[in-house]
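**Student:** Quick check, what structure comes out for this input:
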Amino acid sequence: MFFQRLASGGIPRGVAQSGPAILSYGFRPFFLAGGIWAVVAMVVWVAALAGGLAIGGKIGAANWHAHEMVFGYTGAVLAGFMLTAIPNWTGRLPVSGRPLLVLVLIWLAGRLVFLFPDVFGLGVALTVEGIFLPALGLIALREIVAGRNWKNLKILVGIFVLMAANIWFHVAVGLGQSPAAPLRLAIAGWTLLIMLVGGRIIPSFTRNWLARQGAKALPAPFDRLDQFAITGAAMALLVWTLWPTGLLTAVVCTAAAVLHGVRLARWRGYASFSEPIVAIMHVAYLMVIAGLALIAAAALEWLAEASALHVLLIGAIGGMTLAVMTRAALGHTGRPIRASGPTQIAYLSLFAAALARPLADFLPQHYIMILSASGLLWILAFSAFLWTYAPILLAPRLARAGATGPKN
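**Tutor:** Got it, this is the predicted structure:
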């Protein structure tokens with residue numbers, strides 16, 4: 001029934017004026033759910049590492065952890081971002097109220113069945129968990145097409161790459177095979193999304209902030225260098241997905257890292273470091289570059305691939321999603337866009353977690369301790385996020401003088 005209404009365009013849209021504020025706009029429930037799951041899933045994983053807690057059932061503990069970081073937490077943040085950004089792009093009303101609740105419950109059901117796959121049955125777990133991303137993709141596709149917002153169709157490429165990677169992961173697990181390749185594809189899809197979306201919002205927000213400071217040198221506009229860098233990185237990530245080791249992967253990923261280093265430098269992030277809520281986006285993008293460089297090193301077997309993956313997962317993907325959640329939650333609820341003390345603690349803890357994780361390869365005698373420390377820093381980061389932003393996401397929008405937007 002849900003998919004029939006979705007395909008026919010029958011999902012009601014608009015900012016819900018009755019009921020709880022949490023269901024008035026997509027970013028509210030999904031950013032809150034993503035933050036909670038980031039903490040819960042990592043607590044479970046650290047307990048599994050330190051105390052032998054059995055998790056994941058037939059999926060396997062390590063596979064469960066990887067999936068819930070790559071598809072679970074990030075899926076919620078992606079939904080919150082897309083359901084909030086698309087109405088701004090298209091001028092159409094957002095999905096809210098009961099239809100939004102249905103989508104949240106689909107996401108939540110996926111988390112539950114994947115945590116206890118042996119209880120529900122592996123086939124049921126894989127099927128239920130696989131519903132969410134196609135549903136989100138169909139909503140995004142329909143809204144962009146209905147709004148004739150053709151320039152943003154390219155954003156859907158990242159969503160459908162993630163959807164394909166998740167299906168591939170399910171097939172691999174169902175057949176008892178390693179899901180390493182679909183996980184690489186998912187990380188590649190997320191990295192591409194950061195390059196596309198980050199390439200829009202990072203220079204834009206930086207330009208606005210620098211202009212308010214009276215700066216004359218502003219970020220470079222999008223041009224052929226950006227197009228070349230994104231295309232080159234997409235090709236490099238595809239090569240890495242299919243052939244994670246070897247000289248070719250090392251060369252193309254190194255070239256992609258250099259190109260995106262030049263791209264990042266053109267955005268003048270070094271001039272914005274007095275404003276943490278702007279600076280975090282530049283640091284997260286720097287982690288993309290570091291991740292590509294470490295992938296190249298791992299391709300030559302200079303370090304374990306897991307180190308490169310975690311720099312991308314924690315530093316780049318985690319950093320950019322945290323940056324988007326904090327900024328959007330403030331801006332869309334009528335609050336000043338400034339990073340509070342707990343917000344800055346969240347930023348610092350997350351990047352500390354990203355930098356700590358690769359140390360496990362160089363200090364194997366402390367492997368479990370370092371992994372646990374990195375996990376605890378991640379928990380601290382998202383606990384600080386929830387401390388500050390859970391009340392904001394649950395409360396009605398603040399009325400600001402002269403504001404005419406919806407009270408979402």
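
**Student:** And the helices in the stretch 1-150 of the chain, which stretches?
**Tutor:** Remark: helices assigned in the stretch 1-150 of the chain by DSSP state H, counting those that start in this stretch are 2-8, 27-51, 61-67, 74-90, 97-115, 117-120, 122-129, 132-146.

**Student:** Redo those as CSV? Include distance to residue 318, mean pLDDT and mean neighbour count.
**Tutor:** Yep, even glycine has a C-beta here, placed from its N, CA and C like the rest. Formatted as CSV, these follow (distance: least, CB to CB, whole Å; pLDDT from 0 to 100; neighbours: other CB atoms under 10 Å):
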stretch, distance to residue 318, mean pLDDT, mean neighbour count
helix 2-8, 30, 44, 12
helix 27-51, 8, 93, 22
helix 61-67, 14, 92, 21
helix 74-90, 9, 90, 23
helix 97-115, 18, 94, 19
helix 117-120, 25, 90, 16
helix 122-129, 21, 93, 18
helix 132-146, 19, 89, 19
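
**Student:** Quick one: the helices in the stretch 151-300 of the chain, in order.
**Tutor:** Along the stretch 151-300 of the chain, the segments classed as helices by DSSP H, counting those that start in this stretch run 153-174, 180-212, 224-242, 247-265, 276-299.

**Student:** Test my guess that residue 395 contacts residue 21.
**Tutor:** Yes. Between residue 395 and residue 21 there is a contact at 6.1 Å, judged by CB atoms under 8 Å.

**Student:** So those two - more neighbours on which side?
**Tutor:** A direct count of neighbours by other CB atoms under 10 Å for residue 395 and residue 21 places residue 21 higher, at 17 against 13.

**Student:** I'd like the distance between the more buried one and residue 250.
**Tutor:** 50 Å (CB to CB, to the nearest Å).

**Student:** shaky segments in the stretch 251-400 of the chain?
**Tutor:** The stretch 251-400 of the chain contains residues with pLDDT under 70 at 400.

**Student:** 90 instead, please
**Tutor:** Residue ranges of the stretch 251-400 of the chain with pLDDT under 90: 269-270, 272-274, 303-308, 357-369, 371-372, 397-400.

**Student:** same thing with the stretch 101-250 of the chain?
**Tutor:** Scanning the stretch 101-250 of the chain for pLDDT under 90 picks out 139-161, 176, 213-217.

**Student:** mind running it again at 80?
**Tutor:** Applying pLDDT under 80 to the stretch 101-250 of the chain picks out residues 147-155, 158.

**Student:** So for residue 356, which of the helices of the stretch 151-300 of the chain sits nearest?
**Tutor:** Closest to residue 356 of the helices of the stretch 151-300 of the chain is helix 276-299 (CB to CB; 13.3 Å).
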